[in-house]
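Student: Curious how this folds, go ahead:
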Amino acid sequence: DDHKLTLDELHRKYGTDLSRGLSATRAKEVLARDGPNALTPPPTTPEWVKFCKQLFGGFSMLLWIGAILCFLAYGIQAASEDEPANDNLYLGIVLSAVVIITGCFSYYQEAKSSKIMESFKNLVPQQALVIRDGEKKSINAEEVVAGDLVEVKGGDRIPADLRIISAQGCKVDNSSLTGESEPQTRSPDFTNDNPLETRNIAFFSTNCVEGTAKGIVINTGDRTVMGRIATLASSLEGGKTPIAIEIEHFIHIITGVAVFLGCNIVSVPIHTPFQNRILIFGLFEETALAAFLSYCPGMDVALRMYPLKPAWWFCAFPYSFLIFLYDEVRRYILRRNPGEALHLSPTALITERRRPLASAHQNKSSRRSVLLQLWLFSPAGPLALTILPVSAEETHPHSWVEQETYY
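Tutor: Numbers count the residues shown, from 1 in each chain. The predicted structure is shown next:
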């Protein structure tokens, strides 16, 4: 209810002189009590957990299972034969090497993207102009405390939730908070019981677009309106993408069919030890190969080892998509989640206007759909022409070149 208080009530509540501000001693006490004026970062996953997920998560586990089966088959051969063949040993080593190399590479790509995103936050440290002991000081925004007397002008970012006590033509941009497209006027007048609608409150992280204003800090850090919203948003769990759900469902079906057929094959009567050994080794090899072919980063190695196997066509689509976009991604696109391109589940593609990835078609409705036409390339040559729908809320009519195709 700070927006309803009079200036005298604010002075008594925060101990702030309306002309000289807080004393330096009082500011240090409040800073020690409330902590820095910064949002608490959401809990992060430890790096070793991220690395283990890349090494053992998803399809990587299939490769490990295939490698273990190959080593198991080689062990059985070594125990039963004097001079066992080394094919299964080599295949197990290759599978292990592929999953380790691809896991390390995926972790490196993800870590590099995360570091780039983190570096953006500290490009220019935010400063705030405060009045303490009657003197104006420019300090780090994280050192602002409740009760500080702060001055803002056009172009400044509001360092905390402020109760405006004086203003000259001040307007703030609240679009990031309330969605209002027009700048909102700020003045010392109490105009609404709702603190989000009244004019005498300026909110943390909004921008002053014109004019000047002076205000008393009433909330800092996680206690601000934006801080409470960020806390609620960070508590939400991220769900799976639609393509990830469909792939998981497809894998369950294929796994069930494979287990059913495998049980039927094993139940067939085998009369000789030689036939039994051939069957077991063949099952081990095909199981390892199936796991190998199901993992897209190992596709190129799989093709060189088994060029006549038709199973690689089932995973040629994501692999070709990755090859096609690799050059553009490397030079022009910052991937927040590197797995999105591989899993074919991006919701937005942002590119430089003069270098469109493909042609675009815009519907007349407010919700437009961008259709990307991509040629897929496989080691055997061009594979197919595929159209991928990518949804966009509001696509600017000049941000894409219409009715033209680039290859």
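Student: where does residue 214 land in three-state SS?
Tutor: strand (DSSP: H, G, I helix; E, B strand; the rest coil).
Student: give me every residue that touches the residue lying closest to it once chain neighbours are set aside.
Tutor: Distances taken as CB to CB, 6 or more residues apart in numbering place residue 166 nearest to residue 214, at 4.7 Å, with adjacent residues excluded. In short, each C-beta sits where N, CA and C put it, glycine included. Under the criterion of CB atoms under 8 Å, 6 or more residues apart in numbering, the neighbours of residue 166 are 188, 213-214.
Student: okay, those residues in JSON lines with neighbour count and pLDDT next?
Tutor: JSON lines is the format used below for the contacts of residue 166 (neighbours: other CB atoms under 10 Å; pLDDT from 0 to 100):
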{"residue": "188", "neighbour count": "15", "pLDDT": "91"}
{"residue": "213", "neighbour count": "27", "pLDDT": "93"}
{"residue": "214", "neighbour count": "21", "pLDDT": "93"}
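Student: Can you add distance to residue 225 and give these back as TSV?
Tutor: TSV is the format used below for those (distance: CB to CB, whole Å):
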residue	distance to residue 225
188	19
213	17
214	20
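Student: and which of the residues you listed is nearest to residue 135?
Tutor: residue 214 (14.6 Å; CB to CB).
Student: how near is the closest one to residue 180?
Tutor: 23 Å (CB to CB, to the nearest Å).
Student: Also residue 44?
Tutor: For residue 44, the distance to residue 180 - CB to CB - is 33 Å.
Student: Those two: who's more crowded?
Tutor: residue 180 (12 against 9; other CB atoms under 10 Å).
Student: And what about the more buried one, helix, strand or coil?
Tutor: Assignment for residue 180 (three-state DSSP): coil.
Student: which residues touch it?
Tutor: Residue 180 neighbours (CB under 8 Å, 6+ apart): residue 174.
Student: Same question for residue 175.
Tutor: Contacts of residue 175 (CB under 8 Å, 6+ apart): residue 181.
Student: heads up, I number from 32, so please use that
Tutor: Taking 32 as the first residue, the last one we looked at is residue 206.
Student: and the gap between the closest residue to residue 253 other than its chain neighbours and residue 38?
Tutor: Leaving out its chain neighbours, the residue that sits closest to residue 253 by CB to CB, 6+ apart is residue 71, at 5.5 Å. Going from residue 71 to residue 38 by CB to CB gives 32 Å.
Student: what does residue 145 give?
Tutor: 46 Å.
Student: ditto for residue 139
Tutor: 57 Å.
Student: do residue 219 as well
Tutor: For residue 219, the distance to residue 38 (CB to CB) stands at 8 Å.
Student: where do the contact lists of those two overlap?
Tutor: Shared contacts of residue 219 and residue 38, defined by CB under 8 Å, 6+ apart, comprise residue 196.
Student: Kindly confirm my reading that residue 219 is in a helix.
Tutor: No: counting by three-state DSSP, residue 219 is not part of a helix but coil.
Student: tell me which element residue 86 is part of?
Tutor: helix 78-87 (DSSP states H and E).
Student: what packs against that helix?
Tutor: The helices and strands touching helix 78-87, judged by 3 or more CB pairs under 8 Å, 6 or more residues apart in numbering; DSSP states H and E, are helix 118-152.
Student: helices and strands around the helix it packs on, which ones?
Tutor: Using 3+ CB pairs under 8 Å, 6+ apart, helix 118-152 is in contact with helix 78-87, helix 91-111, helix 304-325, helix 330-336.
Student: least reliable of the ones you listed going by mean pLDDT?
Tutor: When the helices and strands packed on helix 118-152 are ranked by mean pLDDT, helix 330-336 comes last with a mean of 39.
Student: quick one on the thing from earlier: does the residue nearest to residue 253 touch residue 259 like I think?
Tutor: No: counting by CB atoms under 8 Å, residue 71 stays clear of residue 259, with 11.4 Å between them.
Student: Any stretches of the stretch 182-331 of the chain with poor pLDDT?
Tutor: 266-272, 289, 292-331 (pLDDT under 70).
Student: okay, now the domains of the protein?
Tutor: 38-70+155-265, 78-150, 273-345 (the TED database).
Student: Around residue 33, how many other residues sit close by?
Tutor: 17.
Student: This completes my enquiry, with thanks.
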